[in-house]
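Q: only geometry, no sequence info:
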């Protein structure tokens with residue numbers, strides 16, 4: 001466990017250094033402007049990643065497809081990620097490594113309808129605050145990546161994202177409706 005935290009600390013330090021050295025968004029996975037408040041202290045990052053590791057250390061490993069933005073406009077890229085166990089927290093942890101969610105984004109609640117086609121994902125206010133720092137195009141990429149990752153992982157039709165049980169509202173849009181799979185971000 002301590003070894004995993006040490007490795008994660010090293011990865012996050014390297015990512016911060018690469019971002020500070022002016023690497024492209026594709027190289028760092030960062031589509032945000034510097035100083036947007038999306039970064040956290042190393043202590044915060046380690047605590048959140050530790051929770052994700054603890055929550056997923058049991059069970060059979062599962063491969064999920066994670067979606068994230070590319071530096072080429074609004075194109076989405078994918079990466080297969082092996083998770084110790086497919087949980088909403090583990091998926092959010094994988095999305096965190098691609099800067100799709102902020103370091104302080106937590107899963108408050110998660111549910112799938114009985115028929116398995118409809119997902120409700122309630123996140124902490126950190127995710128909304130992160131989106132509020134985005135331009136409209138970057139926000140669209142982040143929402144598409146989040147949506148596609150969860151729909152693909154759970155083979156569902158749509159996703160409703162809420163913040164602390166309430167409607168997700170950013171400076172660009174209000175997300176009252178369920179979101180479907182996105183082939184190309186417009």
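A: Everything's here; your move. Fair warning: this is a prediction, and the values are worked out from it, not measured in the lab.

Q: which ones are touching the residue nearest to residue 117 when sequence neighbours are not counted?
A: Leaving aside its sequence neighbours, residue 117 sits nearest to residue 157 (Cβ to Cβ, 6 or more residues apart in numbering; 4.3 Å). C-beta: built from backbone N, CA, C; applies to glycine. The contact partners of residue 157, taken as Cβ atoms under 8 Å, 6 or more residues apart in numbering, are 117-118, 151, 180-181.

Q: Check these for burial and list the buried ones.
A: 118, 151 (16 or more other Cβ atoms under 10 Å).

Q: between the contacts of residue 157, which is nearest residue 97?
A: residue 151 (19.4 Å; Cβ to Cβ).

Q: quick one: that closest one is in a helix?
A: Yes - membership of residue 151 in a helix is supported by DSSP: H, G, I helix; E, B strand; the rest coil.

Q: Let's see the pLDDT reported for the residue nearest to it when sequence neighbours are not counted.
A: Excluding its sequence neighbours, the residue lying closest to residue 151 (Cβ to Cβ, 6+ apart) is residue 181, at 5.2 Å. In this model, residue 181 is scored at 96, pLDDT.

Q: Distance-wise, check residue 181 relative to residue 65.
A: 12 Å (Cβ to Cβ, to the nearest Å).

Q: Which neighbours do those two have in common?
A: With contacts taken as Cβ under 8 Å, 6+ apart, residue 181 and residue 65 have residue 152 as neighbours in common.

Q: Now do the same contact list for residue 148.
A: 67, 76, 181-182.

Q: Next secondary structure after the host helix or strand of residue 78?
A: With elements taken from DSSP states H and E, the one containing residue 78 is strand 76-83. Where DSSP H and E defines the elements, the next helix or strand beyond strand 76-83 is helix 88-96.

Q: Show me what that next one is packed up against.
A: Secondary-structure packing of helix 88-96 (3 or more Cβ pairs under 8 Å, 6 or more residues apart in numbering; DSSP states H and E): helix 42-56, strand 62-69, strand 76-83, strand 107-112, helix 136-154.

Q: Deepest-packed of those, please.
A: Between the helices and strands packed on helix 88-96, helix 136-154 has the highest mean count of neighbours, a mean of 21, where neighbours are mean count of other Cβ atoms under 10 Å.

Q: Between helix 88-96 and that one, find me the angle.
A: Helix 136-154 and helix 88-96 are oriented at 140 degrees to each other (axes from the mean of the first three to the mean of the last three Cα atoms, to 10 degrees).

Q: model confidence over helix 136-154, on average?
A: On average, helix 136-154 scores 96.

Q: Cool, thanks, talk later.
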